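J.: need the 3D shape of this:
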Amino acid sequence: EADWEDAPDMPEAFKQALRDAFDGIIIYAGCYAADKAQAMFDANLADMIGFGRLFIANPDLPSRLQHNYPLAAHNPEALFGGAEHGLTDYPTASPVSLTKKRGKNTWSSLKVSDRVSIIRRVTRSHPESLFRPQKITARQ
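T.: The predicted structure is shown next:
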């Protein structure tokens, strides 16, 4: 679907006609939020929803949606080009308890290898915090 701010929604009749004509997996993307995505699943019009800009601004999007945490707004001026600003410096909703490394105590100040180590440690000790998508099966 179109993803600019004043874009019209794709008509539901078209989405239903697509579902009726196509028996494969249907993925929608374009300005979806949790409620709009859930409505698509509830109406059996979509099998998957892609979250682009929302994921950039919310690197922990699955957790935010699962726990109904507020969503951060993305910086549209940092989407294309430039350096890492706007792509790697968005904070997570719930701060991770970190040990001081290199004199800093923020997630964005850590090396990728340190982040991976922390994620592994947290998910081993708190497996219920993992986002577990439902298994998708082909339609009959």
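J.: touching, residue 57 and residue 71? I think so.
T.: Yes: at 7.2 Å, residue 57 counts as touching residue 71 under the criterion of CB atoms under 8 Å. C-beta here means a position set from N, CA and C on the backbone, and glycine is covered the same way.
J.: compare the two (neighbour count), which wins?
T.: Between residue 57 and residue 71, residue 57 has the larger neighbour count (other CB atoms under 10 Å), namely 21 against 15.
J.: quick one, grab the pLDDT at that one.
T.: pLDDT recorded at residue 57 is 85.
J.: how much space separates it from residue 66?
T.: 17 Å (CB to CB, to the nearest Å).
J.: show me where the protein has helices.
T.: Listed in chain order, the helices of the chain (DSSP state H) span residues 12-21, 34-42, 53-57, 61-67, 112-125.
J.: any idea of the pLDDT on residue 41?
T.: For residue 41, the pLDDT comes out at 92.
J.: if anything else comes up later, I'll come back, but that's it for now.
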